[in-house]
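Undergrad: Sequence first, predicted model second:
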2 protein chains.
Amino acid sequence: MVRIAVDAMGGDHAPLAVVRGAEAAAGEKAVEVVLVGDENVIAPLLKSRSGIEIVHAPVAVEMKESPSVALRKKKNSSVNKAFGLLKSGSVEAVVSAGNSGAAMAFAIVTLGRIPGVERPAILTIHPNGLGTRSVLLDAGGTVDCRPSHLVQFAIMGNVFAKYALGVEAPKVGILSNGEEVTKGNELTRETHTLLKDADFNYMGYIEGTDLYNGMADVVITDGFVGNVALKVSEGVAEAIIGILKKQKVTGGLRTKIGYRLLSGVFKALSEMVDYSEYGGAPLVGVDGVCIICHGKSNERAIKNAILQAKGFVGKNISGRIKDAIQDYVSLTKGGKEH
Amino acid sequence: MVRIAVDAMGGDHAPLAVVRGAEAAAGEKAVEVVLVGDENVIAPLLKSRSGIEIVHAPVAVEMKESPSVALRKKKNSSVNKAFGLLKSGSVEAVVSAGNSGAAMAFAIVTLGRIPGVERPAILTIHPNGLGTRSVLLDAGGTVDCRPSHLVQFAIMGNVFAKYALGVEAPKVGILSNGEEVTKGNELTRETHTLLKDADFNYMGYIEGTDLYNGMADVVITDGFVGNVALKVSEGVAEAIIGILKKQKVTGGLRTKIGYRLLSGVFKALSEMVDYSEYGGAPLVGVDGVCIICHGKSNERAIKNAILQAKGFVGKNISGRIKDAIQDYVSLTKGGKEH
């Protein structure tokens, strides 16, 4: 049995979508959900309390609230109470669709960082043209990165792809403005120098065009570029789907029949760009399993994120990341002594 | 009559696609094309020499050649000869689909920068959801930018959108990881401070999701992020079109009929993501009109780039950019004296 705390007050559709998602997940084998939020609001929404517990925490962090303000004034918020449960060992993972900056700030303060990790990263999982999945980190956790941060992202991403996604020797690439080593900016060039002799499958630079073709299993970038890359992807997909939808409405009979016949194809397309399929984004580098979901998360996304968290606990992803970082720290310290 | 030099040796499909594109453009009113390249190769390819002149320059810069090496060793290359013609006043614009880094390096050395511009930028033009077009700069010219560079990009982009695209008061935004001013990285935050009191329509930050929805007419970013954003867009469009194509081939009769009925819709989609529709990307900040085309440019893209160059000459875009930068320089100097 894996016990998972879920922030019932976080997300655009909280608490209803979160409660429904939690119920759906608690219906699965070996999952117990602790809903952290306002009991007076949550309890009446629950259809069944089987596999579900409530921990009362009526204070919510608003979606647009500044993380530093939340950190000072909302120590008793639902999201931070969830991290408290994880820290004390009462649960094994936390899921939140709330303010991601605040969630990250509280996770750092309450759970602490893994020794050797300077900055945690938000890791996203996306489909690629090979029919498998690739990961990108950092998706927006740390905007101004130093090369050592990216090296730690690479180590964590490699472990994640290997043990969470089952990729044997993940290809790890730095997102850059060209494949050649003469390309890149100051940050990527210095990171490249540090990663050249990595004991995993570091492949050098990849370009933006390669993000979705499976060229790399793990894409390393700073949180600013990662955020822009993912949001641009969302924007392009929305623009294309917008054109298709517009034509569907304005088109003649011929077009309408065409859409009817291709409904399966369009469904496949929507699923590819539907974040709710993939649950949420693990926050890696903090000491514990923590999944950050899209603010727009619906019931399905919350359910998938909870089951995802259960999987990461079962596969000991957090422990494996800790070991890999520890190995790297000893290795580089050893190297410096010579 | 506008005379335009075209680098006949540059591009994946050079010289044939370049020659055919030049012929197509020279067929239009008031355009004269000077093909700069190996006369022995070009002359036999020409179907007609009406409106076309050849300047012999047999040395080509390779697509993968390092710009700094090209700069040292290939001063007599076709692309640099084209810039020489522009500098001497023999032509009014240059078009090249060759190595863009080398083209930029030669443009800086041979044409020089506009006084007050520290770094030139590659400006790309893309369709947006409003049915108009937006521009992004820098698309890859300068990867490590300082805030002053981005301010100059904003000034140049504003002038370009106003006079080349006819947008009355272009909305100018900085590409960031969130709309709130608390977001951004060191570079965007400092640029934001410098742009707050700009005398054009500066709107603050925009997100990656807004790149194609027309929220901004001018998107400002450094060349690293700009390159990643555009190449990610290409990657997403390719992935989606890949899914559609695969289903078309593997689908049953129902699917095949559906595609047949929707051929018009898919054509509209392809056109939206087809760079050749939009010709090339102007290099702004150098002293003269210079259009850099996609390496993959076909005949149509070259033709459109030549006609685009003609338009920019007619609208005096380069002169207007010079004036705007001059105004800014006087203004900030005046400000500092107080």
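TA: Perfect, thanks for sending it.

Undergrad: Return the distance of A:E23 relative to chain B.
TA: Counting by Cβ to the nearest Cβ, to the nearest Å, the gap from A:E23 to chain B is 31 Å. The C-beta positions use only the backbone N, C-alpha and C, and glycine is treated the same way.

Undergrad: what number of residues lie near that residue?
TA: A:E23 is flanked by 22 other residues according to other Cβ atoms under 10 Å in any protein chain shown.

Undergrad: and the helix or strand where it lies, what other elements does it pack with?
TA: Taking DSSP states H and E as the criterion, the element that holds A:E23 is helix A:16-26. Contacts defined by 3 or more Cβ pairs under 8 Å, 6 or more residues apart in numbering or on different chains; DSSP states H and E place helix A:16-26 against strand A:2-7, strand A:31-37, helix A:39-45, strand A:52-56, helix A:299-314.

Undergrad: closest to chain B out of those?
TA: helix A:299-314 (17.6 Å; Cβ to the nearest Cβ).

Undergrad: Now that closest one: buried residues?
TA: A:299-310, A:312-313 (16 or more other Cβ atoms under 10 Å in any protein chain shown).

Undergrad: gap between the residue nearest to A:E53 when sequence neighbours are not counted and B:V36?
TA: Closest residue to A:E53 apart from its sequence neighbours, by Cβ to Cβ, 6 or more residues apart in numbering or on different chains: A:V34 at 4.8 Å. From A:V34 across to B:V36, the span is 71 Å (Cβ to Cβ, to the nearest Å).

Undergrad: cool, A:L195 as well?
TA: 42 Å.

Undergrad: between these two, who's got more neighbours?
TA: A direct count of neighbours by other Cβ under 10 Å for A:L195 and B:V36 places B:V36 higher, at 31 against 22.

Undergrad: In contact with the residue nearest the centre of chain A, which residues?
TA: When chain A is reduced to its mean C-alpha position, the nearest residue by Cα atoms, centre = their mean turns out to be A:A281, at 1.1 Å. Counting by Cβ atoms under 8 Å, 6 or more residues apart in numbering or on different chains, A:A281 touches A:I122, A:L123, A:T124, A:I125, A:A139, A:I291, A:I292, A:C293.

Undergrad: do that again at 10 Å, thanks
TA: Residues near A:A281 by Cβ atoms under 10 Å, 6 or more residues apart in numbering or on different chains: A:100, A:121-125, A:135-137, A:139-141, A:230, A:275, A:290-294, A:305, A:308.

Undergrad: Go through those residues and flag which are in strands.
TA: Among those, the members found in strands (DSSP state E) are A:A121, A:I122, A:L123, A:T124, A:I125, A:V135, A:L136, A:L137, A:C290, A:I291, A:I292.

Undergrad: Remind me which helix or strand A:I325 belongs to.
TA: Using DSSP H and E, A:I325 falls in helix A:317-337.

Undergrad: so where's the stretch 151-300 of chain A uncertain?
TA: For the stretch 151-300 of chain A, the stretches flagged by pLDDT under 70 are A:269, A:271-278.

Undergrad: Redo the ones in strands among the contacts of A:A281 as TSV? Include distance to A:A169 and neighbour count.
TA: Formatted as TSV, the ones in strands among the contacts of A:A281 follow (distance: Cβ to Cβ, whole Å; neighbours: other Cβ atoms under 10 Å in any protein chain shown):
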residue	distance to A:A169	neighbour count
A:A121	21	32
A:I122	24	26
A:L123	18	27
A:T124	21	24
A:I125	18	21
A:V135	15	27
A:L136	18	26
A:L137	18	32
A:C290	27	31
A:I291	26	25
A:I292	28	31
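
Undergrad: so which of those would you say is closest to A:I241?
TA: Nearest to A:I241, judged by Cβ to Cβ, of those is A:T124 at 19.7 Å.

Undergrad: show me what contacts that closest one?
TA: By Cβ under 10 Å, 6+ apart, A:T124 lies in contact with A:134-140, A:219, A:226-227, A:229-230, A:275, A:278, A:280-282, A:292, A:294.

Undergrad: ok, now which ones touch A:K171?
TA: Residues near A:K171 by Cβ under 10 Å, 6+ apart: A:134, A:158, A:161, A:200-204, A:206, A:214-219.

Undergrad: Going by neighbour count, which of the residues you listed comes out on top?
TA: A:V218 (30 neighbours).

Undergrad: those strands in the stretch 51-200 of chain A, which residues are they?
TA: Secondary structure of the stretch 51-200 of chain A (DSSP state E, counting those that start in this stretch): strands at A:52-56, A:93-96, A:121-127, A:133-137, A:172-175.

Undergrad: Dump those into CSV; add distance to A:T182 as well.
TA: Shown next, in CSV, are these (distance: least, Cβ to Cβ, whole Å):
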stretch, distance to A:T182
strand A:52-56, 55
strand A:93-96, 42
strand A:121-127, 27
strand A:133-137, 24
strand A:172-175, 14
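
Undergrad: A:G295 touches A:E62, doesn't it?
TA: No: distance between A:G295 and A:E62: 11.2 Å, which falls outside the contact criterion (Cβ atoms under 10 Å).

Undergrad: can you list residues touching both of the two?
TA: Joint contacts of A:G295 and A:E62 (Cβ under 10 Å, 6+ apart) are A:G10, A:G98, A:N99.

Undergrad: Those also near chain B: which ones?
TA: Checked against chain B using Cβ under 10 Å from any Cβ of the partner chain, these give no members in range.

Undergrad: Cross-reference these with the helices and report the matches.
TA: Judged by DSSP state H, the shared contacts of A:G295 and A:E62 include no members of helices.

Undergrad: Of the residues you listed, just the buried ones, PyMOL syntax please.
TA: Buried members of the shared contacts of A:G295 and A:E62, defined by 16+ other Cβ under 10 Å, are picked up in PyMOL with:
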select buried, chain A and resi 10+98+99
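
Undergrad: mind putting the shared contacts of A:G295 and A:E62 in TSV, pLDDT included?
TA: Output for the shared contacts of A:G295 and A:E62, formatted as TSV (pLDDT from 0 to 100):
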residue	pLDDT
A:G10	93
A:G98	95
A:N99	94
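
Undergrad: need the shared contacts of A:G295 and A:E62 in JSON lines with distance to A:Q152, can you?
TA: Below are these laid out as JSON lines (distance: Cβ to Cβ, whole Å):
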{"residue": "A:G10", "distance to A:Q152": "27"}
{"residue": "A:G98", "distance to A:Q152": "25"}
{"residue": "A:N99", "distance to A:Q152": "24"}
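
Undergrad: quick check, nearest of the shared contacts of A:G295 and A:E62 to chain B?
TA: Using Cβ to the nearest Cβ, the shared contacts of A:G295 and A:E62 come closest to chain B at A:N99, 11.5 Å.

Undergrad: Quick check: closest non-adjacent residue to A:L194.
TA: A:V151 (5.0 Å).

Undergrad: how close does the one you found get to B:T191?
TA: To B:T191, A:V151 is 28 Å away according to Cβ to Cβ.

Undergrad: circling back to that earlier point, kindly state the beta-bridge partners for the residue nearest to the centre of chain A.
TA: Beta-bridge partners recorded for A:A281 (DSSP bridges): A:I292.
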